[in-house]
Every structure is written in C-alpha cells, then in structure tokens.
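A.B. asks: I need the structure of the sequence given here:
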Amino acid sequence: MITFVIPMHKWTDQSEVCFNRLHQQVGNNEIILVADQCELPDLPAKIVKTTKRSYAAGSRNLGAKHATHDVIVFVDSDILVPNNFVKHCEDNYHKDQSSIFCFPMGTEVTDSYTAGFKGMLELYSTHHLYAQPQDTIQQLQGYCCVITKNLLDRTRHWVETRTMELEEYATNIHKAGVDIILENTVVVQHYNNKGFDLFKNVFDRAKIWTGKKLQGRVNWDGKHKDKKNAVASLFSLLLWPSLIEPITFVTWLVIHKLINYKWLLFLFTWNNLARYTTYAVIHVLYLNCIALGAMTGWLTNKIKFSKL
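C.D. replies: Residues are numbered from 1 along each chain as shown. Below is the predicted model:
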C-alpha cells in the first residue's frame, strides 16, 4: 500500500484536474492533501492543515508524518500523472527499497511561452539526457518522487527552506549514501496554464544557489553539467556588446550555437520554426538571468563575509 502526499498552497482548476487524474486510479491507497494556509473543497482524501505557512518542504514533512503506509509518493499539486502511474508504483516500490526514485518531466500543459520553454528545459535535462530506463542522478526531482519512511529518517527529511530545498536535501541524501534514481519509463507533466515570471525566478534561484554553493550547502549537479552551463551563461552576456559590430555579433552567435548545440538541436526537433525561434531567444535571456543572478549571489556573499 502507498501514501500519496500532495502539498497544496492554493486550490485551482488545474489542481482539480491533477487531483482527479490521481484519484481515479488510487484504489485502496491513501491520498493526503496538506493544506498550507488555504481552504480546500470537500475531497475524497485525508486533509492535513498547517498551523503556519510551511511551503513545499514543510508540507511534505507534515504529510509524511501523517502517512499510514511506509512507501510515500510526493506529488506536487500541478503535476499531471499518467494513467498507469499508481499501478507502476504498486508494482515497483516497497518499504525496503534502498534508493529514492523520481520521474522526468514531459512537455508542459500550457499556452504560455515561458512555461513551455521551462517544460522543454525540464524534458531535456531529465528525460533526454538519460538514455537508460533507470539512471542515477545527482539532483532530486521533488515535484514527483518516491521515498520510504526509512529513507526519510536516514536522509534527515526534507530541508525546510523556502527556496533551494531540493538542492539542499539532495546534498543530505548523497551524504547519507543513498542513490537518486530517475525512472525514465514513466513521464509526468506540469500543468501550468498561466505561465510564471521565468526570468525573475531563475535570477533569484541563481543568486541563492551561488550563496549556498559558496557555503558548501549544495553541490554541482554532475550529469546536468552545471559547470558547462555556468560558462554558457557567462558567455551569453557578451551578446549585448557584440551588437555594436555585425561581425562580432555573428562570431558570438556561432560560438553560442556551438556551446549549446545539443540543447538547440533538441529544441528544433521538438518544435516548429516559430516556437523554436521564440524559445531560442528566451534561452539567451534565461542564460543572462542565470549569469547576473550568480554574480549577484557571489558579490553579496563576499560582502557579507568581509564584514564578519
């Protein structure tokens, strides 16, 4: 038997669609909805309410505390699982498993270009880069993952911070000698019909990640090649001075395409020309935000510790 834990900060139409998809196949298994300072309709699930704003990590820990079963599947409220998802979990996971399992993100259910781009990025960085049915990865895909109560205790539970909780928890997981396995045979989708502030989000995350990296609280994500991405991000800033001269711009464009050729080829394969062009432009701005966020995080951290 399995407990499905869903952190919920706001009940929306997309939350209802995602919940119904899971509930239709859950059978005798348990669903726990953790209402994080929000009101929920009458639903066929166990409702646990937070006493204060707990964010995703705190809600997951609270849901696990109330779980009846040893195998826990954490599913974000905007994740649309495939129709065979519960059966797959029943057939493959048990209380004595020694690894944590998570699932790649497929294309987004959205009309937003920024959300669509983020979906492409998720699809590329998980499903596309890992060819094996199961592959060990460095980073935890917290939007949908399987963790037993025993492994939660062993890895000191979810790190209850507002941002970068997945990166910090992944660091604790690896310190505990536990593997994170990507299940490439099952792909979930992010249901995002409104989009989001992509550029502000990635700037803030890069800033916070850099500060925590300098403090030794997060690690490079090996197979995702974060170091190569860091170089690509810094190089992307040279776009703006290159616009002064056509030859300089063409040179920048050629080098940019060489650095990012696998990703750009992936984009071209999955999209029509108009959407590919839009995503390619968004990608440059995305890299700009990573670079600026990382530099801001580095500078902020240096100033902070120089005053100590």
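A.B. asks: and the pLDDT at the residue nearest to residue 53 when sequence neighbours are not counted?
C.D. replies: For residue 53, ignoring the flanking residues on the chain, the nearest one in space by Cβ to Cβ, 6 or more residues apart in numbering is residue 37 at 5.2 Å. The C-beta positions use only the backbone N, C-alpha and C, and glycine is treated the same way. With respect to pLDDT, residue 37 scores 90.
A.B. asks: ditto for residue 84
C.D. replies: Looking at residue 84, its pLDDT is 94.
A.B. asks: and for the one 5 residues further on?
C.D. replies: Looking at residue 89, its pLDDT stands at 97.
A.B. asks: neighbours of it, just the number please.
C.D. replies: 21 (other Cβ atoms under 10 Å).
A.B. asks: mind listing what's buried along the helix or strand hosting it?
C.D. replies: Per DSSP states H and E, residue 89 falls inside helix 85-92. Using 16 or more other Cβ atoms under 10 Å as the test for burial, helix 85-92 gives 85, 86, 88, 89, 90.
A.B. asks: and the closest residue in space to residue 46 that isn't next to it in sequence, what does it touch?
C.D. replies: With Cβ to Cβ, 6+ apart as the measure, residue 32 is the residue that lies nearest to residue 46, at 4.7 Å, once sequence neighbours are left out. With contacts defined as Cβ atoms under 8 Å, 6 or more residues apart in numbering, residue 32 is in contact with 3, 4, 5, 6, 45, 46, 47, 48, 63, 66, 67.
A.B. asks: isn't the first one up against residue 68?
C.D. replies: Yes: applying Cβ atoms under 8 Å as the test, residue 3 and residue 68 come out as touching, 5.9 Å apart.
A.B. asks: tell me which of these two has more neighbours.
C.D. replies: Between residue 3 and residue 68, residue 3 has the larger neighbour count (other Cβ under 10 Å), namely 21 against 12.
A.B. asks: and stretch 2-18, average pLDDT?
C.D. replies: pLDDT averaged over stretch 2-18 gives 95.
A.B. asks: restricting to C-alpha, output it in PDB.
C.D. replies: Presented in PDB, the C-alpha positions along stretch 2-18 are these (Å, rounded to 0.1, in the frame of the first residue of the first chain):
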ATOM      1  CA  ILE A   2       1.100   3.500  -0.800                       C
ATOM      2  CA  THR A   3       0.500   7.000   0.600                       C
ATOM      3  CA  PHE A   4       0.400   9.900  -1.900                       C
ATOM      4  CA  VAL A   5       1.300  13.300  -0.400                       C
ATOM      5  CA  ILE A   6       0.300  16.500  -2.200                       C
ATOM      6  CA  PRO A   7       1.400  19.900  -0.800                       C
ATOM      7  CA  MET A   8      -1.300  22.400  -1.600                       C
ATOM      8  CA  HIS A   9      -1.000  26.200  -1.200                       C
ATOM      9  CA  LYS A  10      -3.900  27.200  -3.400                       C
ATOM     10  CA  TRP A  11      -6.800  25.100  -4.900                       C
ATOM     11  CA  THR A  12      -7.200  26.000  -8.600                       C
ATOM     12  CA  ASP A  13      -8.800  24.500 -11.700                       C
ATOM     13  CA  GLN A  14      -5.500  22.900 -12.600                       C
ATOM     14  CA  SER A  15      -5.200  21.400  -9.100                       C
ATOM     15  CA  GLU A  16      -8.600  19.800  -9.500                       C
ATOM     16  CA  VAL A  17      -7.600  18.300 -12.900                       C
ATOM     17  CA  CYS A  18      -4.400  16.900 -11.400                       C
END
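A.B. asks: one step back: over to the residue nearest to residue 53. Which of the three states is it?
C.D. replies: Secondary structure, DSSP: H, G, I helix; E, B strand; the rest coil: residue 37 is coil.
A.B. asks: verify the contact between it and residue 51 for me.
C.D. replies: No: counting by Cβ under 8 Å, residue 37 stays clear of residue 51, with 9.0 Å between them.
A.B. asks: tell me which of these two has more neighbours.
C.D. replies: Using other Cβ under 10 Å as the criterion, residue 37 and residue 51 rank with residue 37 on top: 15 against 7.
A.B. asks: quickly list what residue 73 is bridged to.
C.D. replies: For residue 73, the beta-bridge partners are residue 4, residue 146 (DSSP bridges).
A.B. asks: for it, what are its contacts?
C.D. replies: Counting by Cβ under 8 Å, 6+ apart, residue 73 makes contact with 2, 3, 4, 5, 89, 93, 144, 145, 146.
A.B. asks: what do you get if the cut-off is 6 Å, keeping everything else the same?
C.D. replies: 2, 4, 89, 146 (Cβ atoms under 6 Å, 6 or more residues apart in numbering).
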